[in-house]
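Student: Can you look at this prediction? I've put the sequence above it.
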Amino acid sequence: MNDTAGLALASVAGALLGGVFFGGLWWTVRKGIASRRPALWFCGSFVLRMAIVLAGFHVVGGGHWERLLACLLGFAVARFTVTRLTGPPVQPHHPPPQVARHAPQP
């Protein structure tokens, strides 16, 4: 396979792995906070997501650091994409936060 095509496929695979990881994290938070057993959701999801991502990095990298780096780049791009898509809406012109005022000392 051509090196450029291999690196492109590795970065696409990294983006897919990142989408699974960070999309799964978003889904877990939404389900976990409404659950009676949130620790089970968070721990189980973490183990499952890490197993998928580590196995995917191992397969995609295949002993080539260049492909592993391209996969990591795709993973990072997916992080920013999922964060942008699932984050709170950006509101322009927020007022500056108020500094807490303490009661005067006697």
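Tutor: Cool, the structure landed. This structure is a prediction, so every number in the text was calculated from the model and none was measured.
Student: Give me the nearest residue to the residue nearest the centre of the chain, chain neighbours excluded.
Tutor: By C-alpha atoms, centre = their mean, the chain has its centre lying nearest to Phe22, at 3.2 Å. Spatial nearest neighbour of Phe22, chain neighbours left out: Val82 (4.0 Å); criterion: C-beta to C-beta, 6 or more residues apart in numbering. Every C-beta, even on glycine, is put in place using the N, C-alpha and C of the backbone.
Student: Isn't the one you found up against Gly23?
Tutor: Yes - shown here, Val82 and Gly23 form a contact pair, counting by C-beta atoms under 8 Å, at 5.6 Å.
Student: Compare those two (neighbour count), which wins?
Tutor: Val82 (19 against 16; other C-beta atoms under 10 Å).
Student: So which bits of the host helix or strand of the more buried one are buried?
Tutor: In this assignment (DSSP states H and E), Val82 forms part of helix 65-86. Under the neighbour-count criterion of 16 or more other C-beta atoms under 10 Å, helix 65-86 has 67-68, 70-75, 78-79, 82 buried.
Student: do stretch 54-67 as well
Tutor: Neighbour-count burial for stretch 54-67 [16+ other C-beta under 10 Å]: 56-57, 60-61, 67.
Student: Ok, stretch 19-29 next?
Tutor: Result for stretch 19-29 [16+ other C-beta under 10 Å]: buried residues 19-25, 28.
Student: Let's have those in JSON lines, adding pLDDT and distance to Ser11.
Tutor: Listed next are the buried residues of stretch 19-29 as JSON lines, based on pLDDT from 0 to 100; distance: C-beta to C-beta, whole Å:
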{"residue": "Gly19", "pLDDT": "95", "distance to Ser11": "13"}
{"residue": "Val20", "pLDDT": "95", "distance to Ser11": "15"}
{"residue": "Phe21", "pLDDT": "96", "distance to Ser11": "15"}
{"residue": "Phe22", "pLDDT": "94", "distance to Ser11": "16"}
{"residue": "Gly23", "pLDDT": "93", "distance to Ser11": "18"}
{"residue": "Gly24", "pLDDT": "94", "distance to Ser11": "20"}
{"residue": "Leu25", "pLDDT": "93", "distance to Ser11": "21"}
{"residue": "Thr28", "pLDDT": "94", "distance to Ser11": "25"}
